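Peer 1: Sequence and predicted structure, then a few things I'm wondering about:
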Amino acid sequence: MKRFIHRATLAVAVSAIAATLPSSLAPMRAQSQPLLLSQNVNFKPPDVTAPANRQGGTHRGNKLCPAGLSITPLVPPTNIGLTLTDSPTIFVYVPQTSAKIEFTVLNDKEEEVVYEKTFKLDKSGIVGVTIPATGNNKSLEVGKRYVWSFSLVCDPEDRSADVVVKGFVQRIEPEATLKSDLANPDPMTRLNVYAQNGIWYETLATLAQMRRQTPGDARLTAKWTQLLQSQGLESVAAQPLVGPL
């Protein structure tokens, strides 16, 4: 019994010491964190930042884009999210508009187009755009960050009138333990694993997919609302999901 108590005490001490270590010492590989089950999706943002531009863009107004029209990207306050895949889904809230929306992914210096897509929505809501893993687009490379943007083309003759918001995505390599945890077939377990390990784009995409499959599930709606509110996105937390594209 004394040996058991000693080992338990040692484990607690080691955990406490590890929690005080600077996050900058951690390699940019996703290591699995202990899974904490709760009613909330406890997303833990990683220690990465990017230039701020998360606020919804607004427009002075014309026929396609009424004054005050704004779009809001779903990204943490750091304006960057991590992904484990070369085909993440990026989410944005778009109000009712007849304007075309242009989605673009560029390299971190914004010199090279990785992927682009133009689309229209027939109603307002939160839409997810998935970067294809195949085709002519270039793959997102591990360890690199990319700039994505959504632009409302309010005046096709004057692109300076676009309503534009930008965010960042960085692909990282998961550790073996995280890969093992994500092999679990239960989507709720995978959702919590993504959230606990700070993998934003998969956390959001997994929960969005679960809501689409069971749209009447009040528990999933509550989790979605809580997740967005926790990242300062309460203004769009109640908006419906449309798409995906």
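Peer 2: Looks like it came in fine.
Peer 1: got the contact list for the closest residue to Ala161 other than its chain neighbours?
Peer 2: For Ala161, ignoring the flanking residues on the chain, the nearest one in space by CB to CB, 6 or more residues apart in numbering is Asp155 at 4.2 Å. In short, each C-beta sits where N, CA and C put it, glycine included. Taking CB atoms under 8 Å, 6 or more residues apart in numbering as the criterion, Asp155 is in contact with 62, 64, 161-162.
Peer 1: any idea how far Asp155 is from Leu64?
Peer 2: 7 Å (CB to CB, to the nearest Å).
Peer 1: residue contacts, the residue nearest the centre of the chain?
Peer 2: For the chain, the residue sitting closest to the mean C-alpha position, by CA atoms, centre = their mean, is Tyr201 at 3.2 Å. The contact partners of Tyr201, by CB under 8 Å, 6+ apart, come to 81-83, 85, 88-90, 169.
Peer 1: For Leu178, state which of those residues is nearest.
Peer 2: Distance to Leu178 across these (CB to CB) is lowest for Leu82, with 11.6 Å.
Peer 1: quick one: that closest one and Asp47 touch, right?
Peer 2: No: if you go by CB atoms under 8 Å, Leu82 and Asp47 don't touch, sitting 10.7 Å apart.
Peer 1: More neighbours: which of the two?
Peer 2: Leu82 (25 against 12; other CB atoms under 10 Å).
Peer 1: now the more buried one, which residues is it bridged with?
Peer 2: Gln170 (DSSP bridges).
Peer 1: ok so, going back, now the contacts of Asp155 in JSON lines, with neighbour count?
Peer 2: Shown next, in JSON lines, are the contacts of Asp155 (neighbours: other CB atoms under 10 Å):
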{"residue": "Asn62", "neighbour count": "14"}
{"residue": "Leu64", "neighbour count": "17"}
{"residue": "Ala161", "neighbour count": "17"}
{"residue": "Asp162", "neighbour count": "20"}
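Peer 1: Convert the C-alpha atoms of stretch 169-176 to CSV, please.
Peer 2: What follows is stretch 169-176, C-alpha atoms only, in CSV (Å, rounded to 0.1, in the frame of the first residue of the first chain):
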residue,chain,number,x,y,z
VAL,A,169,-3.6,27.2,-41.1
GLN,A,170,-0.5,25.2,-40.2
ARG,A,171,-0.2,21.4,-40.8
ILE,A,172,1.7,19.4,-38.2
GLU,A,173,2.7,15.8,-37.8
PRO,A,174,1.0,13.8,-35.0
GLU,A,175,2.9,11.7,-32.6
ALA,A,176,2.3,8.0,-32.5
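Peer 1: For this structure, just list every one of the strands.
Peer 2: For the chain, strands defined by DSSP state E occupy the ranges 29-30, 57-58, 70-73, 80-83, 89-94, 100-107, 113-119, 125-130, 145-153, 163-171, 173-174, 241-242.
Peer 1: Now do Ala99: how many residues are near it, please.
Peer 2: The criterion is other CB under 10 Å. On that basis, Ala99 has 22 neighbouring residues.
Peer 1: so how far is Leu182 from Tyr194?
Peer 2: Counting by CB to CB, the gap from Tyr194 to Leu182 is 8 Å.
Peer 1: do the same with Leu227
Peer 2: 18 Å.
Peer 1: got the buried residues for stretch 93-105?
Peer 2: Of all the residues in stretch 93-105, those buried under the rule 16 or more other CB atoms under 10 Å are 93-95, 97, 99, 101-105.
Peer 1: Same check on stretch 218-226?
Peer 2: For stretch 218-226, a neighbour-count test (16+ other CB under 10 Å) marks 220, 223-224, 226 as buried.
Peer 1: Right, I'll leave it there.
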